[in-house]
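A.B. asks: give the three-dimensional model of this entry:
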Amino acid sequence: MSTKAKTFRRTLAAQVQWVASSLVAVAALALGLATLAGVLGYLPVLTLPLQFGDTIYPQAGLAIQVGLAIFLLAVVACLPSGLRVLDLERTHRDFSITMSDVAEAYRICHAADRQGVFTLSEQFDAVKERILYLRQHPDLGNLEPDVLEAASEMSYASRDLAETYSDENVARARGFLAHRQEEAALFEDRFERALKICRDLRRQRDAVAMDGDMMDSRMSQLEDEFGDLLRDLGFTRSRTAHNIIAMPAAAHKGMAAE
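C.D. replies: Residues are numbered from 1 along each chain as shown. The predicted model follows:
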């Protein structure tokens, strides 16, 4: 039989048992109330003439009704223990549910260990402390002792891991990483600004160099044109360190003779 079929059969059986238990409980309650009301005179009671030999029992119906009511109430009183037994059988029969319960109990116990709840170091005392903690937990009160013991032993085995990755250490690591991220973001912003300034300065330098080359080119052009004009007018130009001095050609020859 496949796993799905087994699961469906168990689910159907559990539902049938729950419905049957509910019907028995309702029948017992109704019969008990009706019998009590009949004894007090508010409702009629069962009439069942019963004769044993020559003796007739006129109240036999009431006795049978009272006995049946007591029997059903006794059955209802036994239902909780029967339901607990069925739940225990279902827990031990269904391995996946048991493992999920163990995993949930271990998760809660390991989280408490990371928070520093447990303080005992000896193995027996530490496991016992964890079992008591899990028993008092509101979400794990219905688990079996074996499940709590397995989860406690798993938590004790991973106590070094819980100490290493405690909430305090994890919070400190997260804070350090957040600070490093802020520093990296600040460095990235400063780097982008510095790179932008460097590019602007390089662009300005190239622009200034281009303007200087243009000025030198225009100055050379002006000198050439001005020299040609002086020659046409009969002047010669004398170049000094910073100026070009125009003088007549005769004066220039006299200065040359001297």
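
A.B. asks: would you map out the domains in this structure?
C.D. replies: Segmentation of the chain into domains, based on automatic domain parsing, reads 3-93, 97-165.

A.B. asks: nearest to Arg231 among these would be which one?
C.D. replies: Nearest to Arg231 among these is domain 97-165 (93.9 Å), distances taken as Cβ to Cβ. For the C-beta atoms, the positions are set from N, CA and C on the backbone; glycine is no exception.

A.B. asks: residues contacting stretch 70-82, please?
C.D. replies: 21, 24-25, 27-29, 31-32 (Cβ atoms under 8 Å, 6 or more residues apart in numbering).

A.B. asks: hmm, try it at 10 Å
C.D. replies: 17, 20-22, 24-32, 35 (Cβ atoms under 10 Å, 6 or more residues apart in numbering).

A.B. asks: could you dump those into a markdown table with neighbour count and secondary structure added?
C.D. replies: Below are the contacts of stretch 70-82 laid out as a markdown table (neighbours: other Cβ atoms under 10 Å; DSSP: H, G, I helix; E, B strand; the rest coil):
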| residue | neighbour count | secondary structure |
| --- | --- | --- |
| Gln17 | 14 | helix |
| Ala20 | 11 | helix |
| Ser21 | 17 | helix |
| Ser22 | 11 | helix |
| Val24 | 14 | helix |
| Ala25 | 15 | helix |
| Val26 | 12 | helix |
| Ala27 | 15 | helix |
| Ala28 | 21 | helix |
| Leu29 | 14 | helix |
| Ala30 | 12 | helix |
| Leu31 | 18 | helix |
| Gly32 | 17 | helix |
| Thr35 | 21 | helix |
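
A.B. asks: can I get the residues you listed in a markdown table including pLDDT?
C.D. replies: Converted to a markdown table, those look like this (pLDDT from 0 to 100):
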| residue | pLDDT |
| --- | --- |
| Gln17 | 78 |
| Ala20 | 82 |
| Ser21 | 81 |
| Ser22 | 84 |
| Val24 | 83 |
| Ala25 | 85 |
| Val26 | 88 |
| Ala27 | 85 |
| Ala28 | 83 |
| Leu29 | 86 |
| Ala30 | 86 |
| Leu31 | 82 |
| Gly32 | 84 |
| Thr35 | 82 |
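
A.B. asks: which of the domains of the chain sits most buried?
C.D. replies: Highest mean neighbour count among those (mean count of other Cβ atoms under 10 Å): domain 97-165, with a mean of 16.

A.B. asks: show me the shaky parts of the stretch 151-258 of the chain.
C.D. replies: Applying pLDDT under 70 to the stretch 151-258 of the chain picks out residues 235-258.
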